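Engineer: fold the following and give me the result.
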Amino acid sequence: MRKRAAVLCGVAVVVAGTFTAVPADASAPSGAATATAAKLTWKKCGTTDYPTLQCASLKVPLDHANPHGRQITLALSRVPHTASRSQGPLLVNPGGPGGSGLSLAGFVASSLPKAVASQYDVIGFDPRGVGASKPALDCKPGYFNPVRPDSVPSTPAIEKANLKRAKSFADACGKKYASLLPYIDTISAVRDMDSIRAALGAKKINYFGYSYGTYLGAVYAKLFPERVRRLVLDSIVDPTGVWYDDNIGQDYAFNDRHRALMAWIAKYNSTYKLGTDPEKIEAKWYGARKALAKKPAGGKVGASEFEDTFIPGGYYNGYWPYLAEAFAAYVNDKNAAPLVEAYENFAAIDASGDNGYSVYTAVQCRDASWPRDWNQWRKDNWAVYDKAPFMAWNNAWYNAPCAFWPTDTKRPINIANGKLPPVLLFQATDDAATPYEGGATVHRLLAGSSFVVEQGGGNHGITLSGNACLDKYLADYLSTGKVPRGHGEVDAVCRKLPDPAPLSSAAATKATRGSTLHGLVGFRG
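Structural biologist: Next comes the predicted model:
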């Protein structure tokens, strides 16, 4: 699972040429309608950060097999091209499932070199059920309100409380959205993307996705290979494990990243005064967790919320200095205020979070089969916990509504594809949310793809995050179609960015593109 890429030399470059259109893959669902064109009306909706942003809406069928039936509305955003020559639309997606992509269009357009961004209409969208798209799901508002039961089911009573909670969420979704849930899934979202393509008047799309957005893009490419011009996948979902096995795999990788944080804290003992032995610091962390299970900090941060607060550190090391300060204040000074602040900044769930989680569960629980026998979950997650306790049970309960989901399930899509132009893949070797093996697997499954690895990197979402080496490959590809070609498993390797410095250090930096990106990509995929 935590396979490492070898550094390669002698990288060559090839250029993506034209691609002859062929019929959609035979694995496309039967009875699905081809997207029909609809007119988009763009209006100004710029923000301080993204002043040229425009917005529009698009009606699509709830059921694409019944194009004249009930319609739903997708919210779209655009930063229009300014160059005299356009390379067409570049659809972008931040992942999730359940992530809003409206602001991501502005971020991508402003983060790419101007000469590259100006050639594209960068298109963001809220997938069905998400954000400004209508209807937007919110199965059970306040589901994550503190203080939740301890995630570790150390007693039958704790396990029962968590099971009751997970089942109540699934039941609430089923009662509130019975007519919608059968159509909240990856394939339906992919067909929405093709409706967007048609509404834009484009024969082909360019696509750039992070995290779950990589699976969304790969499935689109499988169903509509002749409509893909360029495809960029960053921090790549393992399509062979959707979704139960992928979540189990995350637990081991997140445990490693949590230990990396403990080692980083040990390196700065002069700042945090928690010691120089990472294992002893980790023991203090679990000691704090035990104390919070008995007495939640500020009436908000119990054991489960403590885990929630530190999980974002597994996605992005830019959060480490803030987490370390809060941890040190609680352990050394018995001061819970910084910990409560960290929880509110990194983990507290608002209405948009409730919406995101509702779509997350709806998609993942519908996309593939999950064990319906809780004994299987219990067995598997205790086995994980014995080796990787940090996120094992927290992640299990996050996904547990799928054990009780009210719809039937689909079969995962085999994304293997030999009909695409060159595809560009990016992956960090120590990514926890989408472990390295997923990127290597997709590289094998997408014939002719090019695999760029950030050696030693542990962040989730690595392009447009400050690594000039990665961003050069991205810009070259989007500008000219060039992809690197190596000899072996990996086509190009970039060194990771340095880890952050403590906030008190002169080397500490303020807001960066990395922190902006990770605010947009969010957590849990």
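
Engineer: count of residues packed around Asp46?
Structural biologist: Just so we're on the same page, residue 46 is Gly rather than Asp. 13 (other CB atoms under 10 Å). Where C-beta positions appear, they are placed from N, C-alpha and C, glycine not excepted.

Engineer: that one should be in a strand, yeah?
Structural biologist: No: residue state for Gly46 (DSSP: H, G, I helix; E, B strand; the rest coil) corresponds to coil; a strand is not indicated.

Engineer: I'd say it and Ser77 touch.
Structural biologist: No: the pair Gly46 / Ser77 is not scored as a contact, 10.1 Å apart, by CB atoms under 8 Å.

Engineer: name the residues contacting each of the two.
Structural biologist: Both Gly46 and Ser77 are contacted by Leu53, Gln54, under the criterion CB atoms under 8 Å, 6 or more residues apart in numbering.

Engineer: low-scoring stretches of the stretch 301-450 of the chain, by residue?
Structural biologist: For the stretch 301-450 of the chain, applying pLDDT under 70 flags no range at all.

Engineer: report back the residue of the protein that's furthest from centre.
Structural biologist: Ranked by distance from the centre of the chain (CA atoms, centre = their mean), the top residue is Asp333, with 35.5 Å.

Engineer: do you know how far that residue is from Trp377?
Structural biologist: Using CB to CB, to the nearest Å, Asp333 is found at 39 Å from Trp377.

Engineer: related to what we said a few turns ago, for the residue farthest from the centre of the chain, what are its contacts?
Structural biologist: Neighbour list for Asp333: empty [criterion: CB under 8 Å, 6+ apart].

Engineer: kindly provide the distance from it to Ala293.
Structural biologist: To Ala293, Asp333 is 20 Å away according to CB to CB.

Engineer: check Val384 too.
Structural biologist: 20 Å.

Engineer: where does the stretch 1-150 of the chain have low pLDDT?
Structural biologist: 1-37.

Engineer: which parts of it are strands?
Structural biologist: 12-15, 43-44, 54-61, 71-79, 89-93, 121-126 (DSSP state E, counting those that start in this stretch).

Engineer: what helix or strand is Asn206 located in?
Structural biologist: strand 205-210 (DSSP states H and E).

Engineer: which is the succeeding secondary structure element to that strand?
Structural biologist: Next helix or strand after strand 205-210 toward the C-terminus (DSSP H and E): helix 212-223.

Engineer: mind listing what Gly88 touches?
Structural biologist: Gly88 neighbours (CB under 8 Å, 6+ apart): Tyr120, Asp121, Ala202, Lys204, Ile205, Asn206, Arg229.

Engineer: test my guess that the second one contacts Val92.
Structural biologist: Put plainly, it is Asp121. No: with contact defined as CB under 8 Å, Asp121 does not count as touching Val92 (11.0 Å).

Engineer: with neighbour numbers in mind, choose between these two.
Structural biologist: Neighbours were counted for Asp121 and for Val92 using other CB under 10 Å; Val92 has more, 29 against 22.

Engineer: beta partners for that one?
Structural biologist: Per DSSP bridges, the residues bridged to Val92 are Gly124, Phe208.

Engineer: can you check Phe451 too?
Structural biologist: Leu425.

Engineer: ok, it to Asp333 distance?
Structural biologist: Taking CB to CB as the measure, Phe451 falls 46 Å from Asp333.

Engineer: next: Ile205.
Structural biologist: As for Ile205, its distance to Asp333 is 54 Å (criterion: CB to CB).

Engineer: quick one, what contacts the closest residue to Gly217 other than its chain neighbours?
Structural biologist: Excluding the flanking residues, the one nearest Gly217 by CB to CB, 6 or more residues apart in numbering is Gly209, at 4.3 Å. Going by CB under 8 Å, 6+ apart, Gly209 touches Val92, Asn93, Gly95, Leu216, Gly217, Val232, Leu233, Asp234.

Engineer: quick check: the two most widely separated of these?
Structural biologist: Across the contacts of Gly209, the longest distance by CB to CB is 13.4 Å; it joins Gly95 and Val232.

Engineer: the two: which is more packed in?
Structural biologist: A count of neighbours by other CB under 10 Å puts Gly95 above the other of Gly95 and Val232, at 30 against 23.

Engineer: can you give me the angle the strand holding Asn206 makes with helix 212-223?
Structural biologist: Per axes from the mean of the first three to the mean of the last three CA atoms, to 10 degrees, the angle that strand 205-210 makes with helix 212-223 is 150 degrees.

Engineer: can you state the direction angle for strand 205-210 and strand 89-93?
Structural biologist: 20 degrees.

Engineer: what mean pLDDT does strand 205-210 get?
Structural biologist: Averaging pLDDT along strand 205-210 yields 98.

Engineer: could you tell me the angle between it and strand 121-126?
Structural biologist: Relative orientation of strand 205-210 and strand 121-126, computed by the same axes, to 10 degrees: 50 degrees.
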